[in-house]
Each structure stands twice: as structure tokens, then as C-alpha cells.
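In: sequence and computational prediction follow.
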Amino acid sequence: MRFASLTTMIICAAAMAGVAIASDNLISPLGLLCDKSKHVGCSRSTTLNNGNDFGYTCGESGTIESWTGCSCKDCCRIKANTPFGYSCGPQ
């Protein structure tokens, strides 16, 4: 009986640790501050999009209103002739 309760406690502790670690990762940059004088931008965060770049649109309130994740690092570029004003990939 003691073995079963010890096993249950270990499993519960591991599950709680996993939740605590996962909560440190941002799911979305929406609402984060940005430079509203620049309507679009590129950025990267170790806690967002697996550390890859992402492009974003900055709203009038100075916060990110929309974003698109890239699948690469150092690849987001501001480009005026694209639908969002930025693109992922080589120049």
C-alpha cells in the first residue's frame, strides 16, 4: 500500500513540474508592446514559436495585433510588396 501511494506522489509531482515548465512559454505575442511608428516588424523570442522568427503587425495602441510564425531563425524580412509587409525566408 505504501508503494502505491509513493508512486502516485511521484507521478503527481512530475505532472505538476511539467505544467510549471510549460507555463513559461508564450503561446502568442498578441498584446505585447511594439513600436507603433513601425506598422510591421520582425522579431524572435526564445519562449515563442520554438525560438524561430515571427513577423507582426503593430496596432495604433502600440501592441501586436497579428503575427505569423516563421519556421527558421534570422529569416524574417520587412518587404513592402508582400501581403503582410514581411516575409519568412531568404531575401
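Out: Perfect, thanks for sending it. Residues are numbered from 1 along each chain as shown.
In: G51 contacts K73, doesn't it?
Out: Yes - if you go by CB atoms under 8 Å, G51 and K73 touch, sitting 6.8 Å apart. No exception for glycine: its C-beta is placed from N, CA and C like everyone else's.
In: what's the overlap in contacts for these two?
Out: By the contact definition CB atoms under 8 Å, 6 or more residues apart in numbering, G51 and K73 are jointly contacted by R44.
In: other residues contacting stretch 66-86?
Out: Identification of contacts with stretch 66-86 by CB under 8 Å, 6+ apart yields 28-30, 39-44, 48-49, 51-57, 87-91.
In: try it again at 6 Å.
Out: Under the criterion CB atoms under 6 Å, 6 or more residues apart in numbering, residues 29, 40, 42, 49, 52-57, 87-89, 91 lie in contact with stretch 66-86.
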